[in-house]
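Participant: Turn this into a model:
(one chain, ligands or ions: 2)
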Amino acid sequence: MATKIYITSALEHVEDEVKISGWLYNKTHKGKLIFLMIRDGTGIIQGVIFKNDIPEDIFEKCLHLPQESSLELTGKVVADKRAKGGAELQVKDVKIVQEAQEYPISPKEHGVDFLMDHRHLWLRSSKQHAILKIRHEIIKAARDYFDDLGFTLVDAPIFTPAACEGTTTLFETDYFDQKAYLTQSGQLYMEAGAMAFGKVYCFGPTFRAEKSKTRRHLTEFWMIEPEVAYCDLNQDMDLAEGMVEFIVRRVLKNRQQELEILERDVSLLEKIVRPFPRLHYNEAAKILQDAKADFVYGDDFGGGDETIISNKFDKPVMITHYPAQVKAFYMKADPEQPDHALCVDMLAPEGYGEIIGGGQREDDLDILLKKIKAHNLPEEAFKWYIDLRKYGSVPHAGFGMGIERTVAWICGLNHIRETIPFPRTIYRLYP
Ligand code: 4AD
Ligand code: MG
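Facilitator: Ligands and ions are numbered 1, 2, ... in the order given. Sure, this is the predicted structure:
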């Protein structure tokens, strides 16, 4: 009896009789031989069929089998240094599970819109496959980093009555007889979690009605958000740079093949070693002024500004102390210069821009109340959040890392849309 194996483990089964279940990726033939490239999600292997080994009608069928037909091959694994993955399969039996219709995605160039309309199929191609494998690795690494440091995962709700990141990008929905929003960030709930567990994080989808069409914005994206009690801005930055270094190392170690498929210059990723440069907002503003960028002191940095700044460094750079007026209501003011916030944005190198936003939170009850008023936020919806400043308030800090922006940078992609299995943008809800 043939053992059923996955292609990734083929080398452990040299000379064994095995069965591989997959899909036809490519095929060629020459005389009495057909070469079928089979993929099963774990890898690709070449199956070699010799005409005399299988019934004539099956051989004929295989000759004309369309790409993406599903099939099971039985045969012997033989080591072959020239073959992809170091082995090939000498096929003794073929079971065609389904003969596919003509596959719409061919090796010829397709436009991005066409490919995005066929995203459910496009996921099968090697580049998309590599990106999503790296995405998985990044998520796993981020979670391992916090788990190893003793953080507790505390899931934040998706429906919420409170805006965290300003009221202009809220998705509103009817919640029985109330109004609810899709969450923009789990942060406020993590602050409650930190006061209960000390060190917490959440990982989940977040939503923003981003009306601008850019290479960096999705309307639905995933964030990992740690929050730590008794933590200041500097300790928060230590945590963030430690996490990013850990993630990059993990990807370099475990996803070499995928990085190769993406033709990623790994020498640039190998430079991602702590410490990362830390820059005051004023120093970053100076870089922009020296570069004659169209930037006004006191403003937030735009995508173009971030590119100019991050291009100056070969490591991620952490920019602190933005003017309080361009940041969210919960940011703690710098006691030395109260119109600047104790906040940090981490910009990825190679012009990728912001991947992390975070900082120290306002822990004083009266100041927080004033800020909620100043931002015109409904006090009622924040009653529970204000409670956290009444019952054992402590200095605390945290951050959020956008998974998709991080995937785009580590994979070296020029657009965020390929970093998530099914992207959602202002113009895309299908498939
Ligand atoms: O800087 P942001 O808005 O910070 C927060 O939401 C904080 N409440 C997080 C925290 O402190 N717990 O967003 C954090 C990160 C950004 O740096 C970026 O990587 C990502 O989320 N992000 C987006 N990614 C894709 N599409 C969008 N529209 C994004 N908006 C933010
Ligand atoms: Mg931000």
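Participant: List the residues that contact the residue of the chain most remote from its centre.
Facilitator: The outermost residue of the chain relative to its centre, with distances by CA atoms, centre = their mean, is residue 52 at 48.6 Å. The contact partners of residue 52, by CB atoms under 8 Å, 6 or more residues apart in numbering, come to residue 32. Bear in mind the C-beta positions are built from the backbone N, C-alpha and C, glycine included.
Participant: one more time with 10 Å, if that's ok
Facilitator: Going by CB atoms under 10 Å, 6 or more residues apart in numbering, residue 52 touches 32, 59.
Participant: Quickly note the distance from it to residue 19.
Facilitator: 21 Å (CB to CB, to the nearest Å).
Participant: same thing with residue 193?
Facilitator: In terms of CB to CB, residue 193 sits 48 Å off from residue 19.
Participant: just residue 236 next, same as before
Facilitator: Counting by CB to CB - residue 236 and residue 19 are separated by 52 Å.
Participant: ditto for residue 247
Facilitator: Counting by CB to CB - residue 247 and residue 19 are separated by 37 Å.
Participant: So which of these two has more stuff around it?
Facilitator: Per other CB atoms under 10 Å, whichever of residue 247 and residue 19 has more neighbours is residue 247, with 23 against 16.
Participant: Determine the longest strand present in this structure.
Facilitator: strand 17-30 (DSSP state E).
Participant: In a helix, residue 340, correct?
Facilitator: No - read with DSSP: H, G, I helix; E, B strand; the rest coil, residue 340 is strand and lies in no helix.
Participant: Wait, residue 10 touches residue 73, no?
Facilitator: No - contact criterion CB atoms under 10 Å: residue 10 and residue 73 do not qualify, at 11.5 Å.
Participant: Check the contact lists of those two and give me the overlap.
Facilitator: 18, 20, 45, 89.
Participant: from what I can see the first one touches residue 78, true?
Facilitator: No - with the criterion set as CB under 10 Å, residue 18 and residue 78 do not qualify as a contacting pair; they are 11.0 Å apart.
Participant: hey, what's in contact with both of these two?
Facilitator: 10, 89.
Participant: And the two? Which one has more around it.
Facilitator: Legend: neighbour count by other CB under 10 Å for residue 18 and residue 78, higher for residue 18 (20 against 14).
Participant: show me what contacts the more buried one?
Facilitator: 2-7, 9-10, 73-77, 89.
Participant: Identify the bridge partners of it.
Facilitator: residue 3, residue 75 (DSSP bridges).
Participant: What residue in the stretch 251-400 of the chain comes nearest to ligand 1?
Facilitator: residue 357 (2.3 Å; CB to the nearest ligand atom).
Participant: can you tell me the helix or strand for the closest residue to that residue other than its chain neighbours?
Facilitator: Leaving out its chain neighbours, the residue that sits closest to residue 357 by CB to CB, 6 or more residues apart in numbering is residue 345, at 5.3 Å. Assessed by DSSP states H and E, residue 345 sits inside strand 343-348.
Participant: Name every strand pairing with that strand and say which way it goes.
Facilitator: strand 317-320 (antiparallel), strand 353-360 (antiparallel).
Participant: Where does the prediction get shaky in the stretch 51-200 of the chain?
Facilitator: By pLDDT under 70, the stretch 51-200 of the chain contains no weakly predicted segment.
Participant: List, one by one, the residues from it near ligand 1.
Facilitator: Counting by CB under 6 Å from any ligand atom, the stretch 51-200 of the chain comes close to ligand 1 at 164-165, 185, 187.
Participant: give me that answer again for 8 Å
Facilitator: For the stretch 51-200 of the chain, the residues in contact with ligand 1 (CB under 8 Å from any ligand atom) are 164-165, 169, 184-188, 190.
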